[in-house]
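Participant: 3D, please:
(chains A, B and C)
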Amino acid sequence: MDKPKIRKGMLSSIIPGLSSLSQRGLAGWLVVLGLIIVASIVTMTAISPWVAPYNPSTINVGPPLMSPNSQFLFGTNDLGQDVFSRVLSGGGIMLEVSILSVIICLLIGVPLGLFSSYAGGLVDRFFCLIMDSIYAFPGLVLAIAIAAMLGRGVTNMALSIAVVYVPSYFRVIRSQVLSIKEMPYVEAANAAGAKGRTVLSRYIFPNVVPSIVVVATVNFADAILTAAGLTFIGLGVSADIPDWGWDLTNGRRLLSSGTWWVITYPGLMIILLALGFTLMGEGLSEMANPRLRE
Amino acid sequence: MTLRTYVISRILLTLPMIFILLTMVFLVIRVLPGDPVLLHFEKQENPEAMEDMRHRLGLDKPLWIQYFDYLAGLFRGNLGESMEDYSSVGQQIFSAFPATLELAIFSMVVAVSIGIFLGVEASKGYGKTRDNVIRVFGIVTYAIPVFFLGMAFQMIFGLGLHWLPVGLRLHPTLDVPAGLNIGGIHFSTGLYTFDSLLEGNIYKFVASLRYLALPSLTLGLVLSGVFIRLTRSNMFETLRLDYVTAARARGLSENAVTYGYAFRNAFLPVLTMMGLQFATLLGGAILTETTFSWPGLGRYIVDRISFRDYTAIQGAVVVFGIFVSFVSLGVDLLYAYLDPRIRL
Amino acid sequence: MSRPLLAVSDLTVEYWARRGKVRAVEDISFSIGKSETLGVVGESGCGKSTLGLSLMRLVPYPGRIVKGEIQLKGRDVLGFSANEMRNLRGKDISYVFQDPMTSLNPVKKVGAHFVELIRAHEPRVSEKDAVVRTRKLLKDVGIQSERIGDYPHQLSGGMRQRVMIALAIALNPSLVIADEPTTALDVIVQAKILDLLNALRDAYGMALVLITHDLSIVLERSNKIIVMYAGHMVEYARSEDIYRNPQHPYTQGLLKAIPNVELDEQTLNAIAGSPPDLLNLPKGCRFWPRCYCAKEKCREEEPPLANTEPDHYVRCGKYKEVE
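Facilitator: Here you go, the predicted structure:
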C-alpha cells in the first residue's frame, strides 16, 4: 500500500502550514478540524489491516447478529462478520472513489475552464452551454444513469461522479478567469507581447488556485455521499471488499428485526468523513473570500 | 429589459438546453455502453432473443436514425418500450410520477420551513450560542446521507416508537383516493393528500399525511441546510441596512422589525434557491423512495436498474431532466414577475 | 439655566474589530438645554455618528458603550431596560438619518411609516386618527398631504428628508439627533431643511443635536459646538466663541477651510494629512501629525480637556486650566 509513504513526505510540509492556519481565526480552525478528521480516518483505514481485531471479510468469526459486546465492539452482522473491523477498514473504497473523481475533475475541468474562458467567443459559449446543461441536470440522477451503464467498480463510480462535477469546476474557474482577465496586470502582460499560454500559466492560474482548492474539497464531500448513494442502489463494488456503503445497503434488511448496529456505525463514519471535508471546505472558502463581519 | 422580453428570451433559452439534455441522455444510455441489449442479457446466451429485442426496440438501426427516432418519439410523447415486457415506459412513468411529485412538494415545504425558521432565529443572535448551534446543525444535516437518515427515522419513529408508518404510501387495505367525480368526469391529481381532500375523505387525508411524514421529513431535513444558511445571511445583511436601524430608532418592536422589515427582503432569494435546489431534491428523492419503498419515479429507476431495463431507465432519466428544466423555468419566471428590478 | 435636558459625561464607545479594540468615542462630556442646538463637527470617521447613535443606545454590534453617563431629563438612559429604551426611541428621543433613500422602507408607503410609528407607541389610536395626524405632520414639514400614499422612491431627495424629519418630530420628542441631514442633498435644499429643523425646534421646544462635517452649517444655526477628532472632543464652546476665538489648531484649520466667496482666494486651505487609523493611534496628542504648532511634549502626552474660558473647553497642549 502506498499510502504510508506518500503521507510521510506530505507531513513535513503540512506541519508548518498548520501553524499558519491556526492564526487565521475561526476559518483556520475549521480547516484544521476538518483536516484532523480526514487525516484520522485515512490513517485508520490505512493501518486497519494491522489493527483490526478480526479480518473484516471473514464470515462467521462470531455468531451472526450479535449485539455489541466486549468481544465484538460493534457487534456482528448477518454473515457473522465483525462490524468493528469492517468499520475500521470500510473507508477505503469511498476514499479511493473520491480521490479518483477529484483527480479526473482536475485533469479535465481545470484545463477546460481555463481554456474556454480565456479563449472567449464562440468556443466559450459552446462549452458554457454544455456545462450549464450538465450542471442543471439533477446530479445524482445523472451519476446513477452513467454508473448504471458503465457497471460496477471504483473507476466507473469515480467517472460518473466526475462527469457530474466537472461543470462546477468549470464555472468557478471561468468566473475567476473572467474577472482576472480584465485586470490591468494581465493587460500589461499582453501588451508586452506575452504568449497566451504564458499569461494563463503565470498570471491567471495562480490566482485561480484557491478557488479550485475550495471546489475540490466540496467535491470530496459530495463524492463520498454520492458514492454511498450509488452503493446503496446497487451500483457500487462487489461484496467482498469491506465498504461502509455496502454495510448500509446490506444492513437495511436487518432493521425490522431491530438490528441497529450494523448500519449505525458505518453510517456515522460516512457522516464523519463527509463532515471533515465539508468543514475544510467551509474554512477554506472563508479564508479565500472572507465575508465581512460574517 | 421588460418583463415580456425576459420571459420570451428565457423560454427560448430552455429549448436548446432541453435539446442538449436529450442528447446527453441518448449518449449515456445508447452510446456509452456500446450495446444496451447485450448489457441487458449479460451473457451472450441467446443470440436469437437478442436480435429479436433489438429489432422490436429499433436498436438495430444505424445510430443516427436511432437518434432521430428517439427525438421524434419524445416529441410525440412516446418514451419507448420496456425491455422487460415491451410495455409502454411512458405509462409506467405516468403512474409513478405523481408519487414523486407529492414527495417533492412536501419535502421542499419542510426544507424551506425549517430553513427559514432556523435562519431567522440564528440571525437574531449573531455570534451567540443559538447562532452557532444552528450553523453547525445546517452543516451536519448536509453531511448525512439521506438514506441513512431515513433508516434512522424508520428505526426511531417506526419500529421504536411506533408513531409513524415506515413504508409505502398508504395502508394496503385502503383504496387509493379517487379524487373528484363530477357528472362522470373524473378528476384526480395522483397526489393522495390532494385527492383525498377532493374526495372529502378526511380519514384518508390524515392517513396519506402519516405515510408522507417520514420520507418528506428525511428529505426536507437534509435539504434544509442550504436554506438555513441563505436565510441567515440575507437576514444579516438586511438587518444591518439603514432602514432597519431607522425603524429601531423609531422604537418599533424587535418582532415588527424582524418580520415586517428584514424578512420580506430575505424571501425572494429563497424562491430562487428553491428552484436551484430542485435538482438536488430529485436526486435525494431517488434514495428516499428506495428507503421508504415509496412508489415513485425514483424507486422506478432503481427497480429498472436491477432489471437492466435500459430503455425504461432512459425514459425515466429524460423525464427527470425535463421536469427539472420546467421547474427551473417556472421559478425564473416567477422571480422575474416578483422582482421589480427586472420589470423596470 | 436649570437642569439641562441632556447631560452626557465621559461617554466612551468601543468597537471590537478583528484586529483589535477601537475607541470610536472617548471621554465625551457635554450638555444641552431645551430649544438649544448642539453642533457636532468632524471629519468622516471621527466618531460623530457613533456619538449620535450611542445617545439612543443604537450602536451596532460589535460596538458597545463601555463608560460614561447619559442623563435625559435627569434619568439615566444607560440604565434603562430594553423595553424602556424602545419606548424612549421615537417618542422622547428621535433620530434623523443621513440618507433618506436608504432609511425609509422602500416597500412601505409614506403614510404607512407614520401610522406604524404612532400605533407602536400609542396603540389606542385608531388608524383613522393616525392618518389625520400624519397629514398634519406632512403639512408642518411642507409636504402636500396627497403624498401620503406614495412610495419613498417616488419622492425627491429633499422631500424624503422632510418625511424623515416629520417622523422624527411626530411624537413631540424632547431631543432630536440629526446625523448629516443635508449631506445627501443639494445646497439650496440644504438651507431649507436646516431652517425647517430650527423652526421646528422652536415650535416644539425640543433640543437638537446637529451632526455634520461642515462647520459652516453649525456656526450660524447652533448654540454650542463640539469639534471632534479621532474620537476625542477637541473643542467645546458656544458658537460665537468658536467663530471669534477658535483655540484648537484643528478648529482653526476648519474655519480657514470654509470657502469664502467674497475673498479673492484661488486655493482651498485644506488641512494637510488625513485622519489617523484608530487602531494605530499616534502617541501623545492625536492631532500632532497634522498640527502646525506641534511641540515636543505634544508627541509625548495626550493633553487633557482644559477649561480655558467660561464655557470654553479645549484639548490641546497649548492651554492649561485657567480657573
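Participant: so how far is the top helix by length along chain C from its chain's centroid?
Facilitator: For chain C, the longest helix by residue count, based on DSSP state H, is helix C:187-204. Mean C-alpha position of helix C:187-204 versus that of the full chain (C-alpha atoms, centre = their mean, to the nearest Å) differs by 15 Å.
Participant: Mind jotting down where the helices sit in the chain?
Facilitator: I'll assume chain A. A:3-22, A:26-51, A:83-89, A:92-119, A:121-136, A:139-150, A:154-181, A:184-191, A:196-198, A:205-233, A:244-252, A:261-288.
Participant: wait, chain C
Facilitator: C:48-55, C:82-88, C:100-103, C:110-121, C:127-140, C:157-169, C:187-204, C:215-221, C:239-244, C:249-257, C:296-300.
Participant: quick one, which of the ones you listed is nearest to C:Tyr313?
Facilitator: Closest to C:Tyr313 of the helices of chain C is helix C:239-244 (C-beta to C-beta; 10.4 Å). Where C-beta positions appear, they are placed from N, C-alpha and C, glycine not excepted.
Participant: Name the nearest residue to B:Ser328, ignoring sequence neighbours.
Facilitator: Excluding its sequence neighbours, the residue lying closest to B:Ser328 (C-beta to C-beta, 6 or more residues apart in numbering or on different chains) is B:Gly275, at 4.9 Å.
Participant: Tell me the pLDDT of residue 2.
Facilitator: All of this is about chain A. Here the pLDDT value assigned to A:Asp2 is 40.
Participant: looking at chain B here, not the other one
Facilitator: You'll see B:Thr2 listed with a pLDDT of 68.
Participant: Please apply the same query to the one 3 residues further on.
Facilitator: If you check B:Thr5, the pLDDT there is 81.
Participant: quick one, the strand or helix carrying it and helix A:154-181 angle?
Facilitator: Assessed by DSSP states H and E, B:Thr5 sits inside helix B:3-26. Helix B:3-26 runs at 150 degrees relative to helix A:154-181, counting by axes from the mean of the first three to the mean of the last three C-alpha atoms, to 10 degrees.
Participant: Next one: B:Arg54 relative to B:Lys61, how far apart?
Facilitator: For B:Arg54, the distance to B:Lys61 equals 9 Å [C-beta to C-beta, to the nearest Å].
Participant: again, but for A:Gly120
Facilitator: From A:Gly120 to B:Lys61 the distance is 40 Å (C-beta to C-beta).
Participant: sorry, back to before: right, so of the helices of chain A, which gets closest to C:Leu58?
Facilitator: C:Leu58 lies closest to helix A:26-51 among the helices of chain A, at 26.9 Å (C-beta to C-beta).
Participant: Check which residues of that closest one are buried.
Facilitator: A:27-28, A:30-35, A:37-38, A:41-42, A:44-46, A:48 (16 or more other C-beta atoms under 10 Å in any protein chain shown).
Participant: Closest to chain B out of those?
Facilitator: Nearest to chain B, judged by C-beta to the nearest C-beta, of these is A:Leu30 at 9.4 Å.
Participant: thought the closest one was touching A:Phe277?
Facilitator: No. With contact defined as C-beta atoms under 8 Å, A:Leu30 does not reach A:Phe277; the gap is 11.4 Å.
Participant: wait, C:Phe80 sits on C:Leu88?
Facilitator: Yes. C:Phe80 lies in contact with C:Leu88 (C-beta under 8 Å); the separation is 6.7 Å.
Participant: More neighbours: which of these two?
Facilitator: C:Leu88 (22 against 16; other C-beta atoms under 10 Å in any protein chain shown).
Participant: confidence score at that one?
Facilitator: As predicted, C:Leu88 sits at a pLDDT of 86.
Participant: got TSV for the helices of chain A, with distance to C:Asn105 too?
Facilitator: Shown next, in TSV, are the helices of chain A (distance: least, C-beta to C-beta, whole Å):
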stretch	distance to C:Asn105
helix A:3-22	43
helix A:26-51	33
helix A:83-89	56
helix A:92-119	41
helix A:121-136	36
helix A:139-150	40
helix A:154-181	33
helix A:184-191	41
helix A:196-198	51
helix A:205-233	37
helix A:244-252	51
helix A:261-288	32
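Participant: who wins for proximity to C:Pro289 among those?
Facilitator: Using C-beta to C-beta, the nearest of the helices of chain A to C:Pro289 is helix A:184-191, at 32.1 Å.
Participant: Mind listing what's buried along the closest one?
Facilitator: Buried residues in helix A:184-191, counting neighbours by 16+ other C-beta under 10 Å, are found at A:Val186, A:Ala189.
Participant: now do stretch A:269-287
Facilitator: Buried-residue list, stretch A:269-287, by 16+ other C-beta under 10 Å: A:269-271, A:273-287.
Participant: ok, it near chain C or not?
Facilitator: No. Judged by C-beta under 8 Å from any C-beta of the partner chain, stretch A:269-287 stays clear of chain C, getting no closer than 12.5 Å.
Participant: possible to save the helices of chain C as CSV with distance to A:Asp132?
Facilitator: As requested, the helices of chain C are arranged in CSV below (distance: least, C-beta to C-beta, whole Å):
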stretch, distance to A:Asp132
helix C:48-55, 45
helix C:82-88, 50
helix C:100-103, 35
helix C:110-121, 42
helix C:127-140, 51
helix C:157-169, 42
helix C:187-204, 49
helix C:215-221, 55
helix C:239-244, 64
helix C:249-257, 56
helix C:296-300, 62
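Participant: Go through these and name the closest to A:Leu142.
Facilitator: It's helix C:100-103; of the helices of chain C, that one is closest to A:Leu142 (C-beta to C-beta) at 44.3 Å.
Participant: hmm, who's touching that closest one?
Facilitator: B:241-243, B:245-246, C:97, C:152-153, C:157, C:160-161, C:163-164, C:184 (C-beta atoms under 8 Å, 6 or more residues apart in numbering or on different chains).
Participant: repeat that for 10 Å
Facilitator: With C-beta atoms under 10 Å, 6 or more residues apart in numbering or on different chains as the test, helix C:100-103 has contacts from B:241-247, B:249, C:95-97, C:152-153, C:155, C:157-165, C:167, C:179, C:181, C:184-185.
Participant: Please name the residues that touch residue 218.
Facilitator: Unless you meant another one, I'm taking chain A. Contacts for A:Val218 (C-beta under 10 Å, 6+ apart) come out as A:Tyr165, A:Ser168, A:Val172, A:Phe277, A:Thr278, A:Met280, A:Gly281, A:Glu282, A:Leu284, A:Ser285.
Participant: Chain B was what I was after
Facilitator: So B:Thr218 contacts B:103, B:107, B:110, B:144, B:146-154, B:284, B:287-288, B:291-292 (C-beta under 10 Å, 6+ apart).
Participant: where does chain C come near chain A, residue by residue?
Facilitator: With C-beta under 10 Å from any C-beta of the partner chain as the criterion, chain C meets chain A at residues C:Ala17, C:Arg18, C:Pro60, C:Tyr61, C:Pro62.
Participant: The first one bridge partners, please.
Facilitator: Spelled out, it's C:Ala17. Beta bridges link C:Ala17 to C:Gly20, judged by DSSP bridges.
Participant: That one: neighbour count?
Facilitator: 13.
Participant: Would you confirm that it contacts C:Leu278?
Facilitator: Yes. At 8.8 Å, C:Ala17 and C:Leu278 qualify as touching, with contact defined as C-beta atoms under 10 Å.
Participant: measure the closest residue to A:Ala228 other than its chain neighbours to C:Val77 for me?
Facilitator: Counting by C-beta to C-beta, 6+ apart, A:Gly245 is the residue found nearest to A:Ala228 once chain neighbours are left out, at 4.3 Å. Applying C-beta to C-beta, the value for A:Gly245 to C:Val77 is 62 Å.
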